[in-house]
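# Generate coordinates for the sequence data below:
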Amino acid sequence: MNGTNYTAMINPPDELYEYELPEKLHEDYDFVNAMDIDTDGEVMFDKPVTITLPLPPGIVTSDLQIHYYDESTADYISAGTSIVSADRTSISVEVTQLTTFVVVHVPPPIAATSAGRN
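Numbers count the residues shown, from 1 in each chain. This next block holds a predicted model:
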C-alpha cells in the first residue's frame with residue numbers, strides 16, 4: 001500500500017448542466033452529460049477505479065469521451081480510454097481521483113490534405 005488509510009465521505013453525484021460547469025468546454029466539443037462527484041476532501045486512489053456515467057437515450061455514441069476538470073490548469077483533460085456499454089446507456093473510464101467529469105463528443109481530427117494533389 002502506498003498511502004495512508006482513511007475514510008472519506010463521497011456524496012451522491014450531482015448531474016450538471018453545461019452552464020453549471022466550472023469552465024467553458026473547448027469550442028469543438030459537444031456537451032453530452034456531466035457529473036460532479038464531490039468528497040469531503042481530496043481523494044486519490046492508489047489503483048484505478050472505474051466510474052460509469054449515464055448517457056441520454058438515443059445518443060450517437062461514436063467519438064464520445066470522458067474528460068475531467070483539472071482545477072490547477074482550469075481545463076478539461078481526457079480521463080483516458082472511455083468505453084460505451086453494449087446497450088449504449090452508459091460510458092465508463094478508469095480514474096485515480098474524483099472530480100467533475102464531462103461526457104463530450106469530440107469530432108475526429110480532419111485528415112490533412114496536400115495542396116496541388118489530384
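
# all contacts plus neighbour counts: C-alpha atoms, from now on.
Fine.

# Listing partners with orientation, what would you give for the lowest-mean-pLDDT helix or strand in the chain?
In the chain, the helix or strand scored least confidently by mean pLDDT, DSSP states H and E is strand 14-15, which has a mean of 85. Counting by DSSP bridges, the strands paired with strand 14-15 are strand 30-36 (antiparallel).

# immediately after the strand it pairs with, which helix or strand?
strand 44-54 (DSSP states H and E).

# pLDDT on the next helix or strand after that following strand, on average?
Going down the chain from strand 44-54, the next helix or strand is strand 64-70, by DSSP H and E. Strand 64-70 shows an average pLDDT of 93 in the prediction.

# What helices and strands are in contact with strand 64-70?
Strand 64-70 sits against strand 75-78, strand 90-97, strand 100-105, with contacts defined as 3 or more C-alpha pairs under 8 Å, 6 or more residues apart in numbering; DSSP states H and E.

# Repeat the analysis, applying 7 Å as the threshold.
Here strand 64-70 touches strand 75-78, strand 100-105, going by 3 or more C-alpha pairs under 7 Å, 6 or more residues apart in numbering; DSSP states H and E.

# Single out the most deeply packed of the ones you listed.
Most buried of those by mean neighbour count (mean count of other C-alpha atoms under 10 Å) is strand 100-105; its value is a mean of 23.

# mind saving the C-alpha coords of it as CSV?
Provided in CSV are the C-alpha atoms of strand 100-105 (Å, rounded to 0.1, in the frame of the first residue of the first chain):
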residue,chain,number,x,y,z
THR,A,100,-16.1,16.8,-12.2
PHE,A,101,-16.5,14.5,-15.2
VAL,A,102,-17.9,15.6,-18.5
VAL,A,103,-19.0,13.3,-21.4
VAL,A,104,-18.2,15.1,-24.7
HIS,A,105,-18.4,14.3,-28.3
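
# ok, back up a step: which stretch among the helices and strands packed on strand 64-70 comes nearest Thr89?
strand 100-105 (12.5 Å; C-alpha to C-alpha).

# Kindly calculate the angle that that closest one makes with strand 90-97.
140 degrees (axes from the mean of the first three to the mean of the last three C-alpha atoms, to 10 degrees).

# Could you tell me the angle between strand 100-105 and strand 44-54?
For strand 100-105 against strand 44-54, the angle by the same axes, to 10 degrees is 50 degrees.

# Nice, that's everything, thank you.
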